[in-house]
Structure formats: structure tokens, C-alpha cells
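*Asks:* One predicted model, sequence on top.
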Number of protein chains: 2
Amino acid sequence: MSESTRERLVAAAYALFDERGYDATTVDAVAERAGVGRTTFFRAFRSKDDAVLPDHDAVLARVTARLEAAPATAAPATVATAASEAAHLVLAHYLDEGERARARYRLTRTVPALRQREVAGLQAYQRVFREFFRGRVGDGETGEVRAEVLAAAVVTAHNHVLRRWLREEEPEPVGALDRALADVLAVLGPHRPGTGRTRVVVLEADDDLDTVVPAVRAALERREP
Amino acid sequence: MSESTRERLVAAAYALFDERGYDATTVDAVAERAGVGRTTFFRAFRSKDDAVLPDHDAVLARVTARLEAAPATAAPATVATAASEAAHLVLAHYLDEGERARARYRLTRTVPALRQREVAGLQAYQRVFREFFRGRVGDGETGEVRAEVLAAAVVTAHNHVLRRWLREEEPEPVGALDRALADVLAVLGPHRPGTGRTRVVVLEADDDLDTVVPAVRAALERREP
DNA sequence: CGGGTCGGTGGTACGGAGTACTCCTTGGAT
DNA sequence: ATCCAAGGAGTACTCCGTACCACCGACCCG
């Protein structure tokens, strides 16, 4: 199957799905518009929805490679930057796709079957991030939960920013992802490694510890940004 | 459609899926084993996988009700307890199901189509939690991201514990969920409101703040659990 | 130069999911 | 007894996805 045939099929699929809707367009119609037989369609794509959903495998491999490049016993700052860079890889992929990514988003918004495939693809990313965080965010069962939760947090933050960009609500998605991930990964530690001595503010209050800690953190960051 | 017919169809579906596998079982076979016609099957369930996947609507409604019962302008402690209780509602539902939940888990593990439906159902929960957290965890874009991330974190933590119980790796899922959610929701505030005075240990170290905080927390919890 | 192999393509047939429609049975009310 | 309502059974249809076979051009080999 030549690449041009595959691309023609994708274009035909997007055009027809946009004209008649996903359910109302048959695979025969897509193949016919692309000028090929039905068999060729199913040779290029495993199923009807595969023609519209992206090839996650390639970018997933890049993400995996980036995460596995990080040392096993890493400082919190290194863990955070590796995760952040990996997430940015995914975002960059969508930004490269441009209008096609937006067209796909419009489809996945309206067709439940496509939405399901989409969120299933997210699981793969979350799994890769979880394996990366395992052993780097604590030991035992607590560490396991934290790794999985943190992976979900990273994926969710990325998707939040990505969706805003797809809806054209966020003109600067790269910066937005930076900020979102910094907020999410703050539980790991600062992004800048080797900041040295840290003073903890002394206080005695009626509030609980977890209420106080953010205030302490904010005070410290205000003093030495 | 009588409830007994529906239940007979579910039992037949589980039995046949277990015997021959999901793909190798036709709807006709399920209907025949249940002693009804194919039409009746599709009257009871929208699709083949609906027969094995749970009725999320009822428990989702309970979760929504619990979350909406919380006051709009709530203290962090109230927000955390409401979210925790809502998550416990879902866990309790699965615990009630018992062996059927485990049988379903075995199916969803092996059949990709069912797995997709499963994760799609999680989106509904995550959405409800996100709407609950909106406006309660900050304003503006940061608040939006935090709400969505926190929702994902709660759902993920719940699922982590649930999966461990389904695999019979966690004999005390309720306590485990408590601990996991306490860890996740620590960014919000304390679970027990009005616990009174909290002393923060004073120290000056070369470690970073986020490295020190867990030690402080551990020391305090050891002193007054 | 003719024949054979082989990768890519088209066509056809089939099983099964899901939908639409009609007919029938059953139980209850008047 | 008759009518009626509701759920179930049967049937036919579309379309997805797969399997199988036929074709066709390219390239190799004798």
C-alpha cells in the first residue's frame, strides 16, 4: 500500500465524515471516493475509525524513549523535567498536525465510537508515565498509587491544555502546558535543581498542617523566585 | 422486559463469555441459553457489551447527588470529605457486587472492546468530579486545570485501589482508599475539620522544601495520629 | 524472449452486530 | 366473551470486518 493511497483514503474519510457524518458514511463510499477498492481500505486501516484516529504508536515511542532516557535514581527536579518534556513531545505532535488535529477533534466530539477510541489511546500514555514514575515517587503501595495518580495528572493536564488549543481558546499552548505541569508536578519538587538551603517558616496555628504548607511554600517562593 | 429475563440474559452472557470467549460468543447463543429470542436481548441491552458492563447510571447518579449536596462555597476540608465520600460510594458498589465484579474484571482485562467501554465509563465519573471541583480549587485557568487534574487523581486513586481488590491483592480496600485519597487530597487541606493546633517543626537544611515537608508531616503524625 | 514468481490490488462471499418492522401470545379489564 | 395493551418472537435488511480467490504488472531466470 503506497503512502499516497493511504493519504487519499484519509482525506476521503475526513471529507465524507464531515459531509454526511460518521455513521452515515460507509467504508465503500470512502474507498470509492479515494478511487480504490474496499479491500485496500481495510488493508491500510484495521477498521473504519482507524482512518480518522491518529497513529499514536510513533509519538508514544518517542515519549517512552524520552522517559527511559532519564536515570533510574533521579532527583525530583530531574523527574519533573523529564515528565514535562515528554508531555511537551505529545503536544508538539498535535501542534504540527494543525488543522487536521482540529478536524479530528470535531469528529471525536460528536461520534461516541471515536471518543471511546480516543480515551483508550490515553490509557497507553498514562501507562508509560506510570511506569516512569514507579519507584521515583516513593516506595511500597503509597508509591504505586502516587505513580499512577501522577501519571493521570500529567496526562490530564496535557489534555486540558490540548483541548483548549483545539477549541482555539488557548493561543499559547506551550506556555500553558508549562504552567499547568509546573502546578501539577509541584508535589515532586522545584524545577530548578540545586537551589540549596531552604528555611522553613516557624508557626503555630489552629489550622492543619496541610493547610499551612501551601502558605509556607508561597511565602518562600515570593522571597526567592 | 421483566427483571428476571434481564438477569437470565446476564447470567447466560457471563457463562458463555467465560466458556467460549467474548468474540466467539454470538448474541444468538446468549439469547438461546437464556431461553429468549434475539430481539429480547437487544431490548434489554443496547449492544452485546452492555450485557457485561455495569449499569453506571445509578451509581453515577448517587455520586452526583452526594457531590451536589456539598455547599458551593466550602472549606477545603469539606471539599475533600465530600469527594472522598463520593469515591467511597463507587467502591462500595463494586464491593457489593462481589464475585460478579471480579468476573467482569477478568473479561475487561482480556477483551479490548470491553476495556474501551470501561475506560469510557470512567470519563463520566471524572466529569462529575471535575464539575464538583470547579470553583472550589481556585479561580481562572489555573483553577480549571486543578479541578480537572484533581478529578482525574480521585478517579485514578479509586481505580487503583479497586483494581487491587479485584485482583485480590487488597483485602481492606476501604481503608486503602481512605489512605490513597488522603494522600491525593492533601493538596486541598485536612480531612478532619477543626483538628486544632498544629505545630510545624523548625528546621534549616540543605534539602529542598518539598523534600523536607514529608518528613515534617511524618513526625507530626507520629506524635498525634 | 517466454514463462514463472511475487507483492499489491480488486471482487466476492460470508458471519455477525445492530435496526426496523410485523405478528403473536398473554394477562387483565370491562 | 371481547377488546386492549405490552412485551416477546420472528424476519429482513444494512454494514462492518474477514477470508478467499483472481488479476496484473514488475522483475528474475533459463
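*Replies:* Everything's here; your move.

*Asks:* residues from chain A in reach of DNA strand C?
*Replies:* Within chain A, the positions lying close to DNA strand C (Cβ under 7 Å from any atom of the strand) are A:Met1, A:Ser2, A:Thr5, A:Gly35, A:Val36, A:Gly37, A:Arg38, A:Thr39, A:Thr40, A:Arg43. To be clear about C-beta, it is placed using only N, CA and C from the backbone, and glycine gets the same treatment.

*Asks:* For those, pick the one with the most neighbours.
*Replies:* Sorting these by how many neighbours each has (other Cβ atoms under 10 Å in any protein chain shown) puts A:Val36 first, at 19 neighbours.

*Asks:* Relative to B:Ala120, how far out is it?
*Replies:* 32 Å (Cβ to Cβ, to the nearest Å).

*Asks:* what's the weakest-modelled helix or strand in chain A?
*Replies:* strand A:198-199 (a mean of 46; mean pLDDT, DSSP states H and E).

*Asks:* Flag every buried residue along stretch A:135-145.
*Replies:* Going by neighbour count (16 or more other Cβ atoms under 10 Å in any protein chain shown), the buried part of stretch A:135-145 is A:Arg136, A:Val137, A:Gly138, A:Glu141, A:Glu144, A:Val145.

*Asks:* nearest spatial neighbour of A:Pro54, skipping sequence neighbours?
*Replies:* The shortest distance from A:Pro54 to any non-neighbouring residue, by Cβ to Cβ, 6 or more residues apart in numbering or on different chains, is to A:Arg104 (6.9 Å).

*Asks:* between the residues of chain A next to DNA strand C, which is nearest chain B?
*Replies:* Nearest to chain B out of the residues of chain A next to DNA strand C is A:Arg43 (Cβ to the nearest Cβ; 20.6 Å).

*Asks:* Secondary structure and pLDDT added to the buried residues of stretch A:135-145, as JSON lines?
*Replies:* Formatted as JSON lines, the buried residues of stretch A:135-145 follow (DSSP: H, G, I helix; E, B strand; the rest coil; pLDDT from 0 to 100):
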{"residue": "A:Arg136", "secondary structure": "coil", "pLDDT": "84"}
{"residue": "A:Val137", "secondary structure": "coil", "pLDDT": "83"}
{"residue": "A:Gly138", "secondary structure": "coil", "pLDDT": "79"}
{"residue": "A:Glu141", "secondary structure": "helix", "pLDDT": "86"}
{"residue": "A:Glu144", "secondary structure": "helix", "pLDDT": "90"}
{"residue": "A:Val145", "secondary structure": "helix", "pLDDT": "91"}
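
*Asks:* Quick check: the farthest pair among the residues you listed?
*Replies:* For the buried residues of stretch A:135-145, the farthest-apart pair by Cβ to Cβ is A:Arg136 and A:Glu141; their separation is 15.4 Å.

*Asks:* ok, now which ones touch A:Arg130?
*Replies:* Going by Cβ atoms under 8 Å, 6 or more residues apart in numbering or on different chains, A:Arg130 touches A:Ala147, A:Glu148, A:Leu150, A:Ala151.

*Asks:* now for these, which pair is the farthest apart?
*Replies:* Within those, A:Glu148 and A:Leu150 form the most distant pair, 7.3 Å apart (Cβ to Cβ).

*Asks:* Any chance you could list residues touching both of the two?
*Replies:* Contact criterion Cβ under 8 Å, 6+ apart; residues shared by A:Glu148 and A:Leu150: A:Arg130, A:Phe133.

*Asks:* Now A:Gly35. Its backbone dihedrals?
*Replies:* Main-chain dihedrals, A:Gly35, degrees, to the nearest 10: phi 80, psi 30.
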